[in-house]
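need a structure here:
(3 chains)
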Amino acid sequence: MTAEQIIFYLTAALILVSALMVVTTRNLIHAALWLVSTLFGVAVLYATLDASFLAVVQVVVYIGAIAIMFIFAVMLTRRDLLDKVPQTNTSWPWAAAASALMAGGLLFAGSQLNAFGAARPALSGDALQGLSLALVSADGFVLPFEVASILLLAAMVGAVYLAYKK
Amino acid sequence: MNFWTDPIAAVAQGLMQTFTGWGMAPEVAGIVTNLLGVVLMITAIMVLDIFLVWVERKVVARFQDRLGPNRVGPWGIFQPFPDIIKLILKEDITPTGADKVPFNLAPILSLGSVIFLWAVVPVASRIYGVDLNVALLYLVASGAIGTLSIIMAGWSSNNKYALVGAYRMVANMVSYEIPLAASLLIPTLLAGSMSLNAIVEMQAKGVWLFLVTPLGALLFLVAAIAELGRSPFDLNEGESEIVAGFHIEYSGMKFGLFYAGELLHAFTFGGFLAALFFGGWHGPWAEEYPLLGAFYFVAKAMLGYWVIMWIKYTVPRIRIDHMLAFNWKFLTPLAFTLLVVTVLAHRLLMSLPLGLYVAGMFLVNLLVAWATLEVLRSSARRQREALGTR
Amino acid sequence: MQNPWIYIGLFVLVGTIIPIAPIVIAAVLAPHKPNPIKQSTYECGMETVGENWVQFKSQYYIFALVFLIFDVETVFLFPWALAVNQTPLFVAVEGVIFIAILLAGLYFVWQKRMLEWA
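Numbering: from 1, shown residues only, chains lettered A, B, ... in the order given. I've put the predicted structure just below:
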């Protein structure tokens, strides 16, 4: 059991437990905070894979912007933050069976892939430089880069349209 | 390498030899050495934080034409220790209905998010935590964790004023992250790397970046002060208005952690200002003797911290709507315009010899500053004419 | 080369544990005498008026939204800034176009008076 495996198992446990708490806790703000914990766990996974840029971007964008927006949205809309309806309905054994079947099926299908259980390939060269050059070069991803800005512009226009009061 | 030219590596090597001599496996010895280094660095930062409390009180006293603490030790230098003892001995009151876990976690995260930053700061040419290749985004990420801790504090206090203070503070911090990140793009552009070590080394070999982009340094300073939530942007803790904002319900050492965290955050931004724009540890003989480089760095960071304090104790507080308008209608367009102008000027002037390059970039910055002032003047004139006065 | 995040992970761990120490010391040393008046929430020395919930101004949400858009934009600009020195001039122009489109969006939001108040 190498150190890398120990870190992976601990992080995976953190992510799974936090994700479970997100969907089962009754208090909405607690759910948002558990979501933050899940996102942080994902950032740790990125860091163990040597994807430093993605790890910090995960914290900056997901935790710093999206989780804050979740919390603001919860505070904006709900007066009563405690959910009082029962958490399961009467058909929960069927739902449990269906999800167990699907999980088992996915794991089985995944285990047939060659990459399952293989060693992690080493990143060649300086990953960050490679990412930057690929993003802006003409035979790289420059068109999606520019289209992303148009997408963000569309998001801003949409936000204004939704929020505009006359 | 002896101790004077490479302190950290020499000490680390000595420790590794001791540990493997005791029979530890090399990886475990490596982890333990790293851990000792981490604990040492964090202890140094906390001691510095305590010293900063004294600096703050003396400097504010001098700005207000009085003496400040001068009884506890020479020049009152031991004053923070009675302060800490008092805070520890105060009762820790948790208000009824407060959410226990976020309430207790918030001050720890708030101070923690500042301590994390010191892992990537190059204190000297051979003294630093890690050479992280995304250090500048790491700075923005720590701001995100700080914002989260404030929302947790305000929310879990079960108090209207704390909640209002937390909303305002978060809206403020979050808005000013944009000009902060945009002004961080300028050294990234000029050095071709996000790593603080690379930026400082580029300044050590070339010229200090504040000569190349003075407006960028000023922009970073203003965005950093607003991000810290310090005066003149401290409406969120406006002592005379909503009492103490999001940390009303905190007493004793938890409040102490918030306060210490704010001071340390200000000093850390002074350190970043020094590293990004004023050459960091660069100075005469700093490469051969890293401890001398560390001294230069701390001196420059103290100077940056002093400028932040100077602004705090001179300028009156800005109203929340003016604060946000200042960010979105002035700082953000200015930051991005400066970025565009800097990248075009840099590409055009890149091939010139160093003196002409610096002069050209400096003039370009002055041009942008002049153009901004003209735009402000004409918009103010239009507003005055619209109001009918002259 | 050792993964730099190991050091940062240790730093984060120790940096979270060390601020706990003063709180633990205070919990041991400080008096602990709760009573309902002391623990009631603070409202300038009076009894609290109304419920402990204020209407959340929707304007805060608009600011958070605009911030999100610009945050994602800035994150895109960081790799561009790394590559702009080593590539031909048109890469710089690409970035300028990217920033210009988003500044046009900011101008739009400004003109629609979504950035008013605070």
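
and the chain, what are its domains?
This is for chain A. A:1-82, A:128-166 (automatic domain parsing).

I was after chain C.
C:4-39, C:58-111.

Next, format these as JSON lines and append mean neighbour count and distance to chain B.
Where you see a C-beta, it was placed from the backbone N, CA and C, and this is true even at glycine. Converted to JSON lines, the domains of chain C look like this (neighbours: other C-beta atoms under 10 Å in any protein chain shown; distance: least, C-beta to the nearest C-beta, whole Å):
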{"stretch": "domain C:4-39", "mean neighbour count": "16", "distance to chain B": "4"}
{"stretch": "domain C:58-111", "mean neighbour count": "20", "distance to chain B": "4"}
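
Can I get those in a markdown table including distance to residue B:172 and mean pLDDT?
Below are the domains of chain C laid out as a markdown table (distance: least, C-beta to C-beta, whole Å; pLDDT from 0 to 100):
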| stretch | distance to residue B:172 | mean pLDDT |
| --- | --- | --- |
| domain C:4-39 | 24 | 83 |
| domain C:58-111 | 9 | 90 |
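
Could you export those domains as a markdown table, including distance to chain A?
Shown next, in a markdown table, are those (distance: least, C-beta to the nearest C-beta, whole Å):
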| stretch | distance to chain A |
| --- | --- |
| domain C:4-39 | 4 |
| domain C:58-111 | 4 |
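
on that earlier part again, which one of the domains of chain A is the most hemmed in?
Ranked by mean neighbour count, the domains of chain A are led by domain A:1-82 with a mean of 18 (mean count of other C-beta atoms under 10 Å in any protein chain shown).

For chain A, which segments count as helices?
Secondary structure of chain A by DSSP state H: the helices cover A:3-24, A:28-48, A:52-57, A:67-77, A:92-111, A:127-136, A:142-163.

so what secondary structure elements neighbour the fourth one?
In terms of contacts (3 or more C-beta pairs under 8 Å, 6 or more residues apart in numbering or on different chains; DSSP states H and E), helix A:67-77 is packed against helix A:28-48, helix B:135-156, helix B:160-191, helix C:58-83.

how distant is it from the center of its chain?
Its chain's average C-alpha position is 17 Å from that of helix A:67-77, according to C-alpha atoms, centre = their mean, to the nearest Å.

Get me the contact residues on chain B for chain A.
The interface of chain B toward chain A, taken as C-beta under 8 Å from any C-beta of the partner chain, is made up of B:27, B:99, B:102, B:132-134, B:137-138, B:140-141, B:143-145, B:147-148, B:151-152, B:155, B:167, B:170, B:174, B:177, B:194.

wait, does the helix or strand containing residue B:39 contact chain C?
Applying DSSP states H and E as the criterion places residue B:39 in helix B:26-63. Yes. Counting by C-beta under 8 Å from any C-beta, chain C has neighbours in helix B:26-63: B:31, B:34, B:35, B:38, B:39, B:41, B:42, B:43, B:46.

quick one: which of the domains of chain C is nearest residue B:309?
Of all those, it is domain C:4-39 that lies closest to residue B:309, at 23.4 Å by C-beta to C-beta.

For the closest residue to residue B:230 other than its chain neighbours, grab the count of nearby residues.
Excluding its sequence neighbours, the residue lying closest to residue B:230 (C-beta to C-beta, 6 or more residues apart in numbering or on different chains) is residue B:312, at 5.3 Å. For residue B:312, the neighbour count with other C-beta atoms under 10 Å in any protein chain shown is 20.

now the helices of chain A as a markdown table including distance to residue B:119?
What follows is the helices of chain A, written out as a markdown table (distance: least, C-beta to C-beta, whole Å):
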| stretch | distance to residue B:119 |
| --- | --- |
| helix A:3-24 | 18 |
| helix A:28-48 | 13 |
| helix A:52-57 | 13 |
| helix A:67-77 | 23 |
| helix A:92-111 | 36 |
| helix A:127-136 | 18 |
| helix A:142-163 | 31 |
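
Export these to CSV and append columns for mean pLDDT.
Shown next, in CSV, are the helices of chain A (pLDDT from 0 to 100):
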stretch, mean pLDDT
helix A:3-24, 91
helix A:28-48, 92
helix A:52-57, 92
helix A:67-77, 85
helix A:92-111, 91
helix A:127-136, 83
helix A:142-163, 89
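
that older thread, closest one to residue B:332 among the helices and strands packed on helix A:67-77?
helix B:160-191 (5.4 Å).

quick check, the closest one touching chain C?
Yes. Interface with chain C: helix B:160-191 contributes B:160-161, B:163-164, B:167-168, B:170-171, B:174-175, B:177-178, B:181-182, B:185, B:188-189 (C-beta under 8 Å from any C-beta).

Now the buried members of those.
Burial by neighbour count, 16 or more other C-beta atoms under 10 Å in any protein chain shown: within the residues of helix B:160-191 next to chain C this picks out B:160-161, B:163-164, B:167-168, B:170-171, B:174-175, B:177-178, B:181-182, B:185, B:188-189.

Flag the shaky bits of the stretch 101-250 of chain B, pLDDT-wise.
Applying pLDDT under 70 to the stretch 101-250 of chain B flags the ranges B:231, B:235-245.

swap the cut-off to 50 and go again
Of all residues in the stretch 101-250 of chain B, those with pLDDT under 50 make up the ranges B:240.

Just the residues contacting whichever strand or helix holds residue C:108, thanks.
Element membership for residue C:108, per DSSP H and E: helix C:89-111. The contact list for helix C:89-111, computed with C-beta atoms under 8 Å, 6 or more residues apart in numbering or on different chains, reads A:136-138, A:142, A:145-146, A:149-150, A:152-153, A:156-157, A:159-160, B:328-329, B:332-333, B:336-337, B:339-340, B:343-344, B:347, C:66, C:69-70, C:73, C:76-77, C:80-81, C:83-84, C:115.

cool, stretch B:346-355 as well?
B:189, B:190, B:206, B:207, B:356, B:357, B:360, B:361, C:84, C:85, C:89, C:92.

Could I get the contacting residues of the fifth one?
Pointing back at residue B:356 there. Applying C-beta under 8 Å, 6+ apart to residue B:356 gives the contacts residue B:349.

Mind giving me the packing neighbours of the helix or strand hosting residue B:204?
Per DSSP H and E, residue B:204 falls inside helix B:196-205. Under the contact criterion of 3+ C-beta pairs under 8 Å, 6+ apart, helix B:196-205 touches helix B:135-156, helix B:160-191, helix B:253-277.

Is stretch B:367-377 in proximity to chain C?
No. Using C-beta under 8 Å from any C-beta, stretch B:367-377 stays clear of chain C, coming no nearer than 13.5 Å.

Identify the residues contacting that stretch?
B:215, B:330, B:334, B:337, B:338, B:341.

Buried ones among those residues?
Buried subset of the contacts of stretch B:367-377 (neighbour count, 16+ other C-beta under 10 Å): B:215, B:334, B:337, B:338, B:341.

Go ahead and confirm the last one touches residue B:364.
Yes. Look at residue B:341 against residue B:364 with C-beta atoms under 8 Å: they come within range, at 6.1 Å.

is it true that residue B:219 touches residue B:333?
No. Counting by C-beta under 8 Å, residue B:219 does not reach residue B:333; the two are 11.6 Å apart.

ok, and the closest non-adjacent residue to residue B:269?
Distances taken as C-beta to C-beta, 6+ apart place residue B:224 nearest to residue B:269, at 4.2 Å, with adjacent residues excluded.

roughly how far apart are the one you found and chain C?
Distance of residue B:224 to chain C, computed by C-beta to the nearest C-beta, to the nearest Å: 16 Å.
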